[in-house]
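Q: Kindly generate the corresponding structure for this input.
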Amino acid sequence: MLRKLFVCISGRKEMIMDKEAVIERLKKDLDLPNFKGRLEEKEYTEEEYQKIKNDLNDYFENYVRNIEN
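A: Predicted structure coming up:
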């Protein structure tokens, strides 16, 4: 079950996602329809999501793309 929640923290809305929601969003945002990431079973904030996404992008740029060239 995908779960996204909006929580009000200090007057601003913060999105909270479960593991499945994070993986589905990464598939869409990074255009990786077959992505099967291993993530901890917990709730993720937008900040944590952005870190995971940036780490995956960095890994691709630094390792995968270098092998292609």
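Q: and stretch 23-39, how far out from the chain's middle?
A: With Cα atoms, centre = their mean, to the nearest Å as the basis, stretch 23-39 stands 7 Å off its chain's centre.
Q: In that stretch, which residues are buried?
A: Across stretch 23-39, burial judged by 16 or more other Cβ atoms under 10 Å covers 23, 25-26. Placement of C-beta: from N, CA and C, glycine included.
Q: can you give me how far stretch 34-41 is from the chain middle?
A: Distance of stretch 34-41 from the chain centroid (Cα atoms, centre = their mean) equals 9 Å.
Q: Looking at the buried residues of stretch 23-39, which are in strands?
A: Using DSSP state E, no member of those falls within strands.
Q: Run through the residues that contact the nearest residue to residue 27 once chain neighbours are set aside.
A: In space, residue 27 comes closest to residue 35 once its chain neighbours are excluded; the distance is 4.9 Å by Cβ to Cβ, 6 or more residues apart in numbering. For residue 35, the contact set (Cβ atoms under 8 Å, 6 or more residues apart in numbering) comprises 23, 26-27.
Q: one more time with 10 Å, if that's ok
A: Shown in contact with residue 35 (Cβ atoms under 10 Å, 6 or more residues apart in numbering): 23-24, 26-28, 56.
Q: So which of these sit within helices?
A: Residues of the contacts of residue 35 located in helices (DSSP state H): 23-24, 26-28, 56.
Q: Tell me which two in these are the farthest apart.
A: Using Cβ to Cβ, the ones in helices among the contacts of residue 35 reach their maximum pairwise distance at 24 and 56, which is 14.2 Å.
Q: That's all I had, so thanks and see you.
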